[in-house]
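Asker: okay, predicted coordinates and the sequence, questions at the end:
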Amino acid sequence: MVFSSVGFLFRFLPIFMILYLIMPAKYRNMILLAGSLVFYGVGEPYFVLLLVLSVLVNFALSRYMFWEPKSPQNNRKKKAARRRKRALILALLFDFGALFVFKYWDFVVENVNGLAGNQILPYLALALPLGISFYTFQMVSYQLDCYWEKVPEKAGLLEFATYICMFPQLIAGPIVRYGEIAERMKERRIRIRDLENGLKLFAVGLGLKVLLANQIGTLWNTIMTAGPGNLHVMVAWLGALAYSFQIYFDFWGYSVMAMGLGKMLGFRIPRNFDNPYASRSIAEFWRRWHITLGSWFREYVYIPLGGNRKGSARTVFNLFVVWALTGFWHGADWNFLLWGIGFFLVISLEKKTYGKWMERSLVLGHLYTLLLIPITWVIFAITDIRQLGAYLANMVGIHTGGVLVGTGQFARYLKEYGFLLIACVFFVTVFPKKWYHKWKDRWFMVVFLLLIFWWSVYEIVVGSNNPFLYFRF
Amino acid sequence: MSRQKIKKWLENVYNCPYLIMVVVSSVIAMLCFDEIGIRFFDNNISTERTVSVVGDIVRAEENQALGDPPATLEETPDSGETNTEIQNVISETMGGESENAGERKKEEAVLEDNNELNIESQDAQTQEIQEDTEKGVTKFLPYTPLEIESRYYSDAGKIALTTEYPYTIANDSYFNDAAFLGDSRTLGIYDYVGLEGADFFCDNGMTIFKLLKDDGVTEQGTGHKVDLKQVLQERHYGKIYIMLGMNELGYGNTTMYMQEYLSVVHQIRAWQPDAIIFIMANLHVSREKNNMETEFNNININDKNVACARLANGVDIFYLDSNPMFTDAEGFLQSEMTFDGVHLYAKHYDKWRQFLTEHGVEKATPNEDTE
């Protein structure tokens, strides 16, 4: 189920919230877990079993990690340490193994077979279980936190399962660490204000997703439909810009909806985005874009590898590992690796040379970031390497087959999407957030949010009843 | 105690106007609108309702547009009777020779004997047929149809081929008195084929149902919305190309589509008596895009194509099928030619230009009946 659907908004959510609120507080985790499994199971009736299995295996291993035999033993400490390590390794093997099989196997097979020149490995052609990248990372974070004894209090099975499966963040993050919500997992009060504010946040997120991301996405599609290779420079940049807006509002909107839902349930889900496009360097961009993923890689990969404390050569290597993995986490294809390595190059360069200087400058830093970011998103978006090359070439004015999509089409796109583009630019700035927090309790904001909510619902209903609305030919 | 508590509670509620408004408006909306309301649970009711609503809209629009609908037809697109009925209606309304229609049927009968034919063997069959070109005949290649449970379409069980005719090679000035009417794919022809002299009236999402309505169509080049009814009465065109049917895949059903197409062609014929009307096939979609669980598949597209191909008379109405240029052996649009599985990349429109150029019709003696 996705948040922006009638089924979620007018079936699942009301029924779930009523049950959640009227039942005594001690049953809340149970209801939340059951609701979350329904939420996941509706869309993924088979993979919900994988999710349950993963939760059980991880919970068992996390317990085994600190299990002590009752009978007296020699070398008690040594054995306990070995057991801990064994449990951790098993957990990592299981979690990353499942992720590898479902997400990366076919990609590896394709390349190995390609290199070998014949079919030495079989394709599995498995569908990707929804949210597996996110919940795997969350489970791994729990195991490592347990191993390092960073978890304040061990979770019980119900708490652990609820933490992993909690529907607001199950399928697209934010990646929450157990320590961040452990207290609330034990006990939480839900005030009426939380419901109010949570719902408001939800409307904001829904609007970002349905009214901005979905709509501007059609411009990117239109341009890709014409085909990379024959795009005028302006059209190529317009497309890159449209995609940059689409992916940001889509993901940001989803994260804001998750935060709002979390609030309504009595949790505090960490924010995932902090005006990333207003950054002055790429390093800063990644401190503001998908914050929970960035901190996951910092905490569980970069710092364990030694971070920047083992000399500059090692730092560069660590950065490379982190960014290559970040790239591959987003998808199993070469363009994602290229995308990650691009960030590695730029961020290393920034670290060594102009980064600090850029972040101090007023205009130059912004220009530099705004110029680079759309290019990185193009690399992210186009999986076919040949097409990617053609698109990037178009962005610098190189055309192999002549310009077919020229200024005429550019003018038409502007006419059609001009207003939406202006709205997108506005929502990229820091003002909407500022104004929201300043005025969120004023009556005009309340009315405005209500309008946003129903406008979004209208778009969803029309879009789902008429699948051709967003695919008009 | 309780009074204090109630007061406190009321205060809280007063401080949550948004929550209250959302809840109240949602309850009202769920009671009033089936799309999000309780009745949504009951799939049958919701589907029935949508069908009847769509039916009503289409019927209402039809009556409005035609004033005098050509015939009242039952809404059973797959019944052979209806098809014959339409065939008769068409031949009568279009002034096309009924022998022609008969001939076509004979042709079908012959071909239908060979039941093992399927789409894959289309090429061989095409060649065979083209050896003895019969001027002005639009042939249909039968294959074994699939059972389709859809209110939008059925499997036509045949493929319409380009109307047979000694087409001439068109020169550049040929398209100077041409008009193209269509959806986003016609927009693609405007954008990338580069027929400078022709007029283009097309919009994303255009349908045969909307074409002649008051809302208008964008005239590409000027970018203004124009009322096509007016334009077709005021200007004079020698050729009119129509390519519509994609946005109709999930709207009404094939019979309605055909009826509307018929009335549109009829109208255009009345305003443009000298024009040659080209009915262009809707391009198939790619294998990835082809989805049998929705209406979005090549069987539906083919159903629409067969329906509009029936309007061709080989005299001043021709059916042009450009699919063979872009599809693979199984009839899917070739994946490497498209991003979204529906539209060709800009660079492939070259072929379309060639196709249009190769299918010129010179009208030697206009206004003369070919009886």
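Answerer: Thanks, I have the structure now.
Asker: so where's chain A uncertain?
Answerer: Low-confidence segments of chain A (pLDDT under 70): A:464-473.
Asker: mind splitting it into its structural domains?
Answerer: Listed by automatic domain parsing, the domain ranges of chain A are A:6-188, A:194-280+A:361-465.
Asker: hey, which of these is tucked in deepest?
Answerer: Of all the domains of chain A, domain A:194-280+A:361-465 has the most neighbours on average by mean count of other C-beta atoms under 10 Å in any protein chain shown, namely a mean of 19. (Each C-beta comes from the backbone N, C-alpha and C, glycine too.)
Asker: ok, A:W455 touching A:A203?
Answerer: No: if you go by C-beta atoms under 8 Å, A:W455 and A:A203 don't touch, sitting 9.9 Å apart.
Asker: still on that earlier bit, let me have the domains of chain A in CSV, extended by distance to B:D303.
Answerer: CSV is the format used below for the domains of chain A (distance: least, C-beta to C-beta, whole Å):
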stretch, distance to B:D303
domain A:6-188, 30
domain A:194-280+A:361-465, 22
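Asker: between the two ends of stretch A:228-238, how far is it?
Answerer: One end of stretch A:228-238 to the other measures 13 Å (C-alpha to C-alpha, to the nearest Å).
Asker: which strands or helices does the one helix or strand A:Q246 maps to pack on?
Answerer: Secondary structure from DSSP states H and E places A:Q246 in helix A:233-265. Contacts defined by 3 or more C-beta pairs under 8 Å, 6 or more residues apart in numbering or on different chains; DSSP states H and E place helix A:233-265 against helix A:167-170, helix A:192-207, helix A:214-226, helix A:364-381, helix A:385-395, helix A:407-428.
Asker: in a markdown table, list those along with distance to B:W9.
Answerer: Shown next, in a markdown table, are the helices and strands packed on helix A:233-265 (distance: least, C-beta to C-beta, whole Å):
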| stretch | distance to B:W9 |
| --- | --- |
| helix A:167-170 | 27 |
| helix A:192-207 | 9 |
| helix A:214-226 | 39 |
| helix A:364-381 | 49 |
| helix A:385-395 | 59 |
| helix A:407-428 | 37 |
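Asker: what's the burial count for whichever residue of the stretch 1-150 of chain B sits closest to chain A?
Answerer: Of all residues in the stretch 1-150 of chain B, B:C16 sits closest to chain A, with a separation of 4.0 Å (C-beta to the nearest C-beta). Using other C-beta atoms under 10 Å in any protein chain shown, B:C16 has 22 neighbouring residues.
Asker: for the nearest residue to it once chain neighbours are set aside, which residues are in contact?
Answerer: In space, and not counting its chain neighbours, B:C16 is closest to A:E196: 4.0 Å by C-beta to C-beta, 6 or more residues apart in numbering or on different chains. Going by C-beta atoms under 8 Å, 6 or more residues apart in numbering or on different chains, A:E196 touches B:15-16, B:18-19.
Asker: does the closest residue to A:E110 other than its chain neighbours count as helix, strand or coil?
Answerer: In space, A:E110 comes closest to A:Y123 once its chain neighbours are excluded; the distance is 7.7 Å by C-beta to C-beta, 6+ apart. With DSSP: H, G, I helix; E, B strand; the rest coil as the basis, the three-state label of A:Y123 is coil.
Asker: what about stretch A:352-363, start to end distance?
Answerer: Using C-alpha to C-alpha, one end of stretch A:352-363 lies 21 Å from the other.
Asker: which of the residues in it are buried?
Answerer: Neighbour-count burial for stretch A:352-363, with 16 or more other C-beta atoms under 10 Å in any protein chain shown as criterion, is recorded at A:355, A:358.
Asker: please state the offset of that stretch from the chain centre?
Answerer: The chain centroid and the centroid of stretch A:352-363 are separated by 28 Å under C-alpha atoms, centre = their mean, to the nearest Å.
Asker: now stretch B:8-28, how far from the centre of its chain.
Answerer: Distance, centroid of stretch B:8-28 to centroid of chain: 49 Å (C-alpha atoms, centre = their mean).
Asker: quick one on the thing from earlier: overlap in contacts of A:W455 and A:A203?
Answerer: What both A:W455 and A:A203 touch, as defined by C-beta under 8 Å, 6+ apart, is an empty set.
Asker: what does the stretch 1-150 of chain B have sitting close to chain A?
Answerer: B:12-13, B:15-19, B:21-22, B:25-26, B:29-30, B:33, B:35-37, B:40-41, B:50 (C-beta under 8 Å from any C-beta of the partner chain).
Asker: which ones among those residues map onto helices?
Answerer: Counted as lying in helices by DSSP state H, out of the residues of the stretch 1-150 of chain B next to chain A, are B:12-13, B:17-19, B:21-22, B:25-26, B:29-30, B:50.
Asker: what's in contact with stretch B:10-21?
Answerer: Under C-beta under 8 Å, 6+ apart, the answer for stretch B:10-21 is A:191-193, A:195-196, A:199-200, A:443, A:446, A:449-450.
Asker: including distance to A:V210, could these go into TSV?
Answerer: Shown next, in TSV, are those (distance: C-beta to C-beta, whole Å):
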residue	distance to A:V210
A:R191	28
A:I192	27
A:R193	26
A:L195	22
A:E196	21
A:L199	16
A:K200	16
A:W443	24
A:V446	19
A:L449	14
A:L450	15
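Asker: from these, which is closest to A:W323?
Answerer: Among those, A:K200 lies closest to A:W323 (C-beta to C-beta), at 36.3 Å.
Asker: quickly note the distance from the closest one to A:L9.
Answerer: 15 Å (C-beta to C-beta, to the nearest Å).
Asker: ok, now A:Y142?
Answerer: Counting by C-beta to C-beta, the gap from A:Y142 to A:L9 is 31 Å.
Asker: then A:S312?
Answerer: Taking C-beta to C-beta, one finds A:S312 at 52 Å from A:L9.
Asker: so A:A283 touches A:I347, yeah?
Answerer: Yes: assessed by C-beta under 8 Å, A:A283 is found in contact with A:I347 at 5.1 Å.
Asker: and A:C146, what does it touch?
Answerer: A:62, A:65-66, A:154.
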